[in-house]
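Participant: Fold the following.
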Amino acid sequence: MSKTISDAVMKMIRFYEKESNVCLHDINHFMKVWGFAHAIALSENLDAKTRQTLELAAIVHDIACPLCRKKYGNTNGKAQEQEGNLLTREFYRDFGLPEEQLNRICYIVAHHHTYTGVDGPDLQIMLEADFLVNADESSLNKEAITSFRDKVFCTKTGTEMLNRMYL
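Facilitator: Residues are numbered from 1 along each chain as shown. Presented below is the predicted three-dimensional model:
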C-alpha cells in the first residue's frame with residue numbers, strides 16, 4: 001500500500017471539512033469508531049492485513065452521511081450503505097490498494113448497518129465499534145444497549161467494553 005492509515009485519516013478530515021455541515025461531529029465520530037475498531041482488533045488478535053482492512057473501512061464507514069443529508073434529508077443506515085460503496089471506492093482510488101482489499105473495504109462500508117449474515121471478524125468488529133460510539137451519541141437506554149449486545153456482539157473485547165461502559 002503506497003499510502004498509510006494516517007493518510008486516510010487526514011484525507012477523511014479534509015473530506016468532512018469540505019462536504020459536511022456537521023464537520024466536527026462527523027470527524028469525532030469516525031475517529032472514535034476507528035479507535036474502538038483498532039483496539040478490539042488488536043485484542044482479538046486479528047492478522048495485520050485484516051486489521052488494516054478493518055481500520056481503512058472504519059475511517060470511511062460513514063462517508064455517505066453528507067450526501068445522504070443532502071439527498072434524503074437524513075443519514076438512514078440503509079441509505080448510507082447504498083451510497084457508500086462508490087464514495088469509498090473513489091476515496092481510496094489513489095491508495096494503491098489491492099483490488100481484493102478495496103472490495104472488502106467497500107463491502108464493510110456497504111454493510112455496516114446490516115446485523116445479519118456477518119461474514120468475517122472485520123465486519124463483526126466494525127459493527128461493534130460503531131455501536132459503542134452510537135450508543136453514547138444516541139443516548140440509548142440500558143434496555144436497548146443490552147438487547148443490541150445480545151443480538152449482535154460476538155467478540156470478547158467488544159462485549160467487555162460495552163458492558164463496562166454502559167451496563
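Participant: what helix or strand is the residue sitting furthest away from the middle of the chain on?
Facilitator: Among the C-alpha atoms of the chain, the one most distant from their mean position (C-alpha atoms, centre = their mean) is that of Glu143, at 23.4 Å. Take DSSP states H and E as the rule and Glu143 turns out to sit in helix 142-152.
Participant: Rounded mean pLDDT for the next helix-or-strand element following that helix, please.
Facilitator: Per DSSP H and E, the first helix or strand lying C-terminal to helix 142-152 is helix 156-166. Taken as a whole, helix 156-166 carries a mean pLDDT of 98.
Participant: helices or strands up against the longest helix along the chain?
Facilitator: In the chain, assigned by DSSP state H, the helix with the most residues is helix 23-43. With contacts defined as 3 or more C-beta pairs under 8 Å, 6 or more residues apart in numbering; DSSP states H and E, the packing partners of helix 23-43 are helix 5-19, helix 48-60, helix 121-137, helix 156-166. C-betas here are computed from N, CA, C, even on glycine.
Participant: The first one vs helix 48-60, what angle?
Facilitator: To tie it back to what came earlier, the one meant is helix 5-19. 20 degrees (axes from the mean of the first three to the mean of the last three C-alpha atoms, to 10 degrees).
Participant: Counting neighbours, which bits of helix 5-19 end up buried?
Facilitator: 5, 8-9, 11-13, 15-16, 19 (16 or more other C-beta atoms under 10 Å).
Participant: Let's test this: mean pLDDT of it, rounded?
Facilitator: In this model, helix 5-19 has an average pLDDT of 95.
Participant: Which elements pack onto that helix?
Facilitator: helix 23-43, helix 48-60, helix 65-72, helix 77-91.
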